[in-house]
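In: Below is the sequence, then the predicted model.
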Amino acid sequence: MTLTGELDEAIQRRRPKRVVALVAVTATLALLCCGGGTAAFFLDGLSNDNNQALSSYGCGAAGPLPDDGDLPRVSGYSEPQLRNAATIINVGADLKVPPKGWVIAIATAMQESSLNNLGNLGSRNDHDSLGLFQQRPSQGWGTPRQVQDPVYASRKFYQKLVKVRGWEQMSLTDAAQAVQRSAFPDAYAKHEPDAAEIVNMLADGAARAVGANSTLTCAAMGDVAASGWTTPVKAGVVSGFRTSSRPSHQGVDLGASRGDDILAAAAGTVIVSRCDNDQTPPFRCDRDGSPSTPGCGWYVDIMHADEVMTRYCHMLYRPKVRVGQAVAAGQPLGIVGTSGHSSGPHLHFEVHLNGDRSSAGATEPLKWMREKGAPLGTGA
């Protein structure tokens, strides 16, 4: 049976039970060197702050909640608002919509109704818009009573969303607009951080449905988080971002083994796929690097939605992807190696904001990925 064919039937199933999933993160120190770009710096261990941050954290407080479940608190949102968010999540989980869809749906409801199930607002009403998603009965969304039912309204939103070709690779704004056809198409993006936080808190933001009962668990290697992000390698963090002894280290080093797959952290377009310093003999990428070899070796840069860029350095061989290629979250990009400025196999991983590939655009990868529900340094 297709997803859209399951919609009416799936709503009648029981909600997934509340689950608590915690991920223990261990930072394994190894003797590596990594430049992470064109600058060269020697490895030090993680700072005390980084070790503390990595010691233990979860991807969220609990799974989708039963109707009578206690709600965790999220700053700025009331119990009724969070109850509506839990309903949106539950419907998405019941319908087997990937968790990224939950974030899109909640962000949309934030923009349309501030997560309030609105009735007719009289002169302040936008035409005949009603409910969480401000769906209009005159436009075929259902009767006034139906669109003010949070379960029905959520189901109709997901029904439209899954029919949008390529929605899982779109930015949140584009996916939401494809469903809503809003007069303010750029308004949805600003709600993505709060929507992701709510999913993290209510439903283990890194969660994915597994098995017939749609039990939720934190994202493991190869699983895509609710935000659309995934862990690039399964490995501990061996060197942190801009530590006191390496203030110009623009990423984190993940101590993966030679030959491990390197995965795209999110959907996007490849903008760089090459050997760094391959025009400066004897520094080549067809051999292992060293502490005296400059650069990233074989590396890939990917541009994602909202001008976020990720970088993957020190691959063993030529990358598997080419410039201009669209890649999906979790798609293999290359193989862990030690080309470039490196004294041992590992992945140097960077996150840049505002489309800025320079050091000025680099941001803390641990914090970024944790907030996206796909924390670095996790095992399973």
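Out: Thanks, I have it.
In: Could you use CA atoms for every contact and neighbour count after this?
Out: OK.
In: Can you give me the distance of residue 374 to residue 129?
Out: Using C-alpha to C-alpha, to the nearest Å, one gets 36 Å for the distance from residue 374 to residue 129.
In: okay, those two: which has more neighbours?
Out: residue 374 (31 against 23; other C-alpha atoms under 10 Å).
In: pretty sure the more buried one is in contact with residue 230, am I right?
Out: Yes: counting by C-alpha atoms under 8 Å, residue 374 sits close enough to residue 230 to count as a contact (5.3 Å).
In: need the strands for the stretch 101-250 of the chain, in chain order.
Out: Chain-ordered strands for the stretch 101-250 of the chain, with DSSP state E, counting those that start in this stretch as the definition, fall at 208-210, 215-217, 237-239.
In: Those strands: lowest mean pLDDT?
Out: Within the strands of the stretch 101-250 of the chain, the stretch with the lowest mean pLDDT is strand 208-210, showing a mean of 36.
In: isn't residue 351 right next to residue 311, touching?
Out: Yes: with contacts counted by C-alpha under 8 Å, residue 351 reaches residue 311, the gap being 6.6 Å.
In: how's the protein carved up into domains?
Out: For the chain, the structural domains run 23-57+229-371, 64-203, going by automatic domain parsing.
In: Just name the most buried of those.
Out: The highest mean neighbour count among the domains of the chain belongs to domain 23-57+229-371 (a mean of 21), with neighbours defined as mean count of other C-alpha atoms under 10 Å.
In: Contact partners for residue 232?
Out: Residue 232 makes contact with 221, 262, 263, 264, 265, 330, according to C-alpha atoms under 8 Å, 6 or more residues apart in numbering.
In: nearest to residue 368, of those?
Out: Minimum separation from residue 368 among these (C-alpha to C-alpha) is found for residue 265, which lies at 11.3 Å.
In: My guess is the closest one contacts residue 332. True?
Out: No: taking contact to mean C-alpha under 8 Å, the distance of 9.7 Å between residue 265 and residue 332 leaves them out of contact.
In: sorry, back to before: what's the least confident stretch among the domains of the chain?
Out: Set side by side, the domains of the chain show their lowest mean pLDDT on domain 23-57+229-371, which sits at a mean of 77.
In: What values do phi and psi take at residue 326?
Out: Reported as degrees, to the nearest 10, the phi and psi values for residue 326 are phi -80, psi 130.
In: Please give me every residue in contact with the residue nearest to it when sequence neighbours are not counted.
Out: Counting by C-alpha to C-alpha, 6 or more residues apart in numbering, residue 326 lies nearest to residue 269, which is 4.4 Å off, once chain neighbours are set aside. Under the criterion of C-alpha under 8 Å, 6+ apart, the contact partners of residue 269 comprise 302, 303, 304, 323, 324, 325, 326, 327.
In: Validate this expectation: residue 269 resides in a helix.
Out: No: according to DSSP: H, G, I helix; E, B strand; the rest coil, residue 269 belongs to no helix; its state is strand.
In: Distance check, it against residue 310.
Out: Distance of residue 269 to residue 310, given as C-alpha to C-alpha: 10 Å.
In: Quick check: neighbours shared by the two?
Out: Between them, residue 269 and residue 310 share the neighbouring residues 302, 303, 304, with contact defined by C-alpha under 8 Å, 6+ apart.
In: I'd guessed residue 267 sits against residue 333; true?
Out: No: under the criterion of C-alpha under 8 Å, residue 267 makes no contact with residue 333, lying 11.8 Å away.
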